[in-house]
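Asker: got a predicted structure here, sequence first:
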Amino acid sequence: MSRALQESLPPPVAHRRRLGPLDLTIVLCVAAACIYVGWRAQTVLHYNWNWAPVWNFIVRYDAAQDSWVPNLILIGLWTTVRISVWAALLAAAIGGAMGMARVSQSLLLRLVARSYVEAIRNVPPLVFIFVVYFFLTSQLVPAFGLDTWVRGASPQTRATIELLLGPPQFLPALVSAVVCLALFEGAYVAEIVRGGIQSIDKGQWEAAKSMGLGRGRILRLVILPQAIQRTVPPLAGQFISLVKDSSIVSLISIQDLTFLGNEVAATTTRIFEVWIVVAFLYFLMCWSLSLMFARLERRLGRFK
């Protein structure tokens, strides 16, 4: 078969592997272990499960609106989604810029990026969140007049803020939390970007230079398209970690899923039920991201 004919044919379809006896055995063992752990917990703790109070804090009936509306747990979930999305976008911008600076020809840019990455990676996240949050809240937010602007905003502006960022009265605290998370996660994104760029063979640089391309065009047209394909899997893991790490902002009184879950657990005294629901909601968010990035990775793989 000629080479031209081979290239014209569609790629072979990958057949999914069926579950074999070993796979079924492992699944059954895991299921049996979960059942045993649940039985032992019930036997030792003598815990009386009661899910009814928890459901009331997921949705509630509003007589004024004559409909069911989200209650504290879903409100906290939506706050976590907002924080994660905005922090991921900002972390991608910061990490991308710092990752490019890490491989720059400028010594100053490399020193700045290296200092940023090392400072973040060698400080505990809890300490970093507290230091940056209180500095932003007490210094930068008042300096930029963010709280004053929110109080004087028009009703349309306040409605837009509430849709994108939550209740306007909590905007300064939420912005501080987003910046904290983005700065922290951006350091790891920068290293992923740096590794992706440096993983491209030097022959690609030399071939592009021989065609008369400058460094900027080589990065944009040759290196980055290949590096993006290689960085999608680690970036997916990092952004999923960001969703889980967002729970740390509950310690600075951000009313996210973890914070409001703790409030509901204290109110209802149904500790296990509440935290199982909270864990399941975090699982749904992370699993959805995993599926989305897996699909993106397959689509990018078609262009190799």
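Answerer: Ah, there it is.

Asker: pLDDT-wise, which helix or strand of this structure ranks last?
Answerer: When the helices and strands of the chain are compared on mean pLDDT, DSSP states H and E, helix 3-8 comes out lowest with a mean of 48.

Asker: check contacts around residue 286.
Answerer: Counting by Cβ atoms under 8 Å, 6 or more residues apart in numbering, residue 286 makes contact with 240, 243, 244. From N, CA and C alone the C-beta is placed, and that goes for glycine too.

Asker: quick check: buried residues in the helix or strand in which it is found?
Answerer: Per DSSP states H and E, residue 286 falls inside helix 271-301. Residues of helix 271-301 classed as buried by neighbour count (16 or more other Cβ atoms under 10 Å): 273, 274, 275, 277, 278, 281, 282, 285, 286, 289, 293.

Asker: now flag whichever of those residues is closest to residue 89.
Answerer: Proximity of the buried residues of helix 271-301 to residue 89 (Cβ to Cβ) peaks at residue 289, which lies at 13.9 Å.

Asker: tell me which residues are up against stretch 131-149.
Answerer: Outside stretch 131-149, the residues that touch it by Cβ under 8 Å, 6+ apart are 171, 172, 173, 175, 176, 177, 179, 180, 183, 252.

Asker: how far away from the center of its chain is that stretch?
Answerer: Put simply, stretch 131-149 sits 24 Å off its chain's centre (Cα atoms, centre = their mean, to the nearest Å).

Asker: which residues in the stretch 1-150 of the chain form strands?
Answerer: Ranges of strands in the stretch 1-150 of the chain, per DSSP state E, counting those that start in this stretch, are 59-62, 67-70.

Asker: give me phi/psi at residue 58?
Answerer: Backbone geometry at residue 58, expressed as degrees, to the nearest 10, gives phi -90, psi -50.

Asker: can you pull the contacts of it?
Answerer: So residue 58 contacts 70, 71, 73, 74, 277 (Cβ under 8 Å, 6+ apart).

Asker: distance check, it against residue 268.
Answerer: 12 Å (Cβ to Cβ, to the nearest Å).

Asker: what's the answer for residue 35, then?
Answerer: For residue 35 relative to residue 268 (Cβ to Cβ), the value is 26 Å.

Asker: between the two, which one's more packed in?
Answerer: Neighbour comparison, residue 35 and residue 268: the larger count goes to residue 268, with 16 against 10 (by other Cβ atoms under 10 Å).
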